[in-house]
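1. Provided below for reference: sequence and predicted model.
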Amino acid sequence: MIVVTSPTGKIGTELVPRLLAGGARVRVIVRDPAKLSPQLLGKVDVTKGSTDDPEVVSAAFQGAEAVFLVVPFPFNVEDIVKHYLRFIRPAAEAIKLHDVKRLVFVSGLRLVTASAKGLSSLSTAIENTIVDAGSDYRALWCAGFMENLLAQIEPLKHHGTFLLAARPDVKAPLVATRDIAATAAKLLLDSSWRGRDGLAVMGPEDLSYDDMAEIMSEVLGKPIRFQQVSDDSFRARFVESGGSEAVAQWLVEMRADSERNPHGSIQRSAENTTRTSFREWCEEVLKPAVQG
Ligand SMILES: NC(=O)c1ccc[n+]([C@@H]2O[C@H](COP(=O)([O-])OP(=O)(O)OC[C@H]3O[C@@H](n4cnc5c(N)ncnc54)[C@H](OP(=O)(O)O)[C@@H]3O)[C@@H](O)[C@H]2O)c1
């Protein structure tokens, strides 16, 4: 049995069908089972509840050989370390209690070097808690997701622009979430690996936002321009939309860290480079979303 947290998320939605196709029995933890894809009904075990609830997590992990863990991204919290531990602690306790053999969890490229202020304590807290769980594990050190650009559909559609508090010229290895799911599925379906380690998951090319605007223009058949907004304006909009000052500041620091060092401390290799190019992603995901 493989347990998947966040089966309705971007990675989870792509992961569960891959695990079923690979012959695994799958159990999902979901707050609202009505949000699961209808194609999964009858094919997966469902534990209803929140992944920060120790009883829910313990019930779900019973009889599991492997677990896929996603901590929901913090949005309106004051203490980011506390937010991560709220989800990781119940998982670590249930892994220990039920002797789960393998854990695959989603992390970020930024957490490998942990050079930004605030990232180092987060990275240490996560690692210590997970090591204490006792299972073998692989952290997936993911680059930024191509899907983050889906938040820009309205300006793309109506103004031919996308706006971020980021430099236009820094090249980074954005990755498609389906490729993260493919990497996770491979690890979860393979019972032969051992030890505690991480694997970077990077898209096949390093592109700047200006490079992306050029590709989007070609795929969407209209001029697209990247517009840099200031950190102050990003913070104000984030807080206006319900996020906390603390998370806004954390995101600003992570972005500055990624601009100093887009690959973290990772060297590109065949193993950590995924398939889907930004152009393919634009054709298959962005274009239908903009034109829909
Ligand atoms: N975006 C990036 O560029 C980037 C880069 C590196 C790493 N990451 C990491 O990727 C992860 C996000 O993965 P994703 O994009 O696949 O997720 P996502 O699309 O943001 O979805 C979040 C999922 O978490 C579930 N969820 C939220 N709160 C929950 C709770 N209390 N109990 C149970 N489920 C809950 C949601 O379920 P509902 O349907 O119930 O809402 C949803 O399935 C985060 O850990 C983030 O730090 C992101």
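-> Done, it's in.
2. which SSE is residue 19 in?
-> Secondary structure assignment for residue 19, by DSSP states H and E: helix 10-21.
3. now do the strands in the stretch 1-150 of the chain.
-> 2-5, 26-30, 45-48, 66-69, 102-108, 136-142 (DSSP state E, counting those that start in this stretch).
4. by contact count, what packs against the third one?
-> When you say that, I think you mean strand 45-48. With contacts defined as 3 or more C-beta pairs under 8 Å, 6 or more residues apart in numbering; DSSP states H and E, strand 45-48 has these neighbours: strand 26-30, helix 54-61. All C-beta atoms are positioned from the backbone trio N, CA, C, and that covers glycine.
5. neighbours of the residue in the chain that the ligand sits nearest to, how many?
-> Relative to the ligand, the nearest point of the chain is residue 9 (2.7 Å; C-beta to the nearest ligand atom). By other C-beta atoms under 10 Å, the residues close to residue 9 number 17.
6. ok, now which ones touch it?
-> 70, 72 (C-beta atoms under 8 Å, 6 or more residues apart in numbering).
7. is the ligand contacted by stretch 264-280?
-> No - judged by C-beta under 6 Å from any ligand atom, stretch 264-280 makes no contact with the ligand; its nearest approach is 10.9 Å.
8. restricting to C-alpha, output that stretch in PDB.
-> Extracted in PDB, the C-alpha atoms of stretch 264-280 (Å, rounded to 0.1, in the frame of the first residue of the first chain):
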ATOM      1  CA  GLY A 264      21.100  25.700  -5.300                       C
ATOM      2  CA  SER A 265      24.200  23.600  -4.800                       C
ATOM      3  CA  ILE A 266      23.100  21.000  -7.400                       C
ATOM      4  CA  GLN A 267      25.000  20.000 -10.600                       C
ATOM      5  CA  ARG A 268      22.700  19.200 -13.500                       C
ATOM      6  CA  SER A 269      22.800  15.500 -14.500                       C
ATOM      7  CA  ALA A 270      20.700  13.100 -16.600                       C
ATOM      8  CA  GLU A 271      19.100  11.800 -13.300                       C
ATOM      9  CA  ASN A 272      17.900  15.200 -12.100                       C
ATOM     10  CA  THR A 273      16.800  16.600 -15.500                       C
ATOM     11  CA  THR A 274      13.200  16.000 -16.500                       C
ATOM     12  CA  ARG A 275      11.500  15.800 -19.900                       C
ATOM     13  CA  THR A 276       8.900  18.500 -20.400                       C
ATOM     14  CA  SER A 277      10.300  21.600 -22.100                       C
ATOM     15  CA  PHE A 278       8.700  25.000 -21.400                       C
ATOM     16  CA  ARG A 279       7.500  25.200 -25.000                       C
ATOM     17  CA  GLU A 280       5.700  21.800 -24.700                       C
END
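9. I'd like the strands of the stretch 1-150 of the chain as TSV, with distance to residue 130 appended.
-> Formatted as TSV, the strands of the stretch 1-150 of the chain follow (distance: least, C-beta to C-beta, whole Å):
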stretch	distance to residue 130
strand 2-5	14
strand 26-30	18
strand 45-48	21
strand 66-69	9
strand 102-108	7
strand 136-142	6
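10. of all these, which lies closest to residue 80?
-> The closest of the strands of the stretch 1-150 of the chain to residue 80 is strand 102-108. By C-beta to C-beta, the value is 12.4 Å.
11. my guess is residue 137 meets residue 101, correct?
-> No - taking C-beta atoms under 8 Å as the definition, residue 137 is not a contact partner of residue 101, at 9.9 Å.
12. these two: which has the busier surroundings?
-> Using other C-beta under 10 Å as the criterion, residue 137 and residue 101 rank with residue 137 on top: 25 against 16.
13. what's the neighbour count on residue 99?
-> 11.
14. before we move on, what about residue 66?
-> 23.
15. can you check the pLDDT for it?
-> Note on residue 66: pLDDT of 98.
16. with adjacent residues omitted, what lies nearest to it?
-> Nearest non-adjacent residue to residue 66, counting by C-beta to C-beta, 6 or more residues apart in numbering: residue 102, 4.2 Å away.
17. what pLDDT is listed against that neighbour?
-> As predicted, residue 102 sits at a pLDDT of 97.
18. same question for the one 10 residues further on.
-> Looking at residue 112, its pLDDT is 66.
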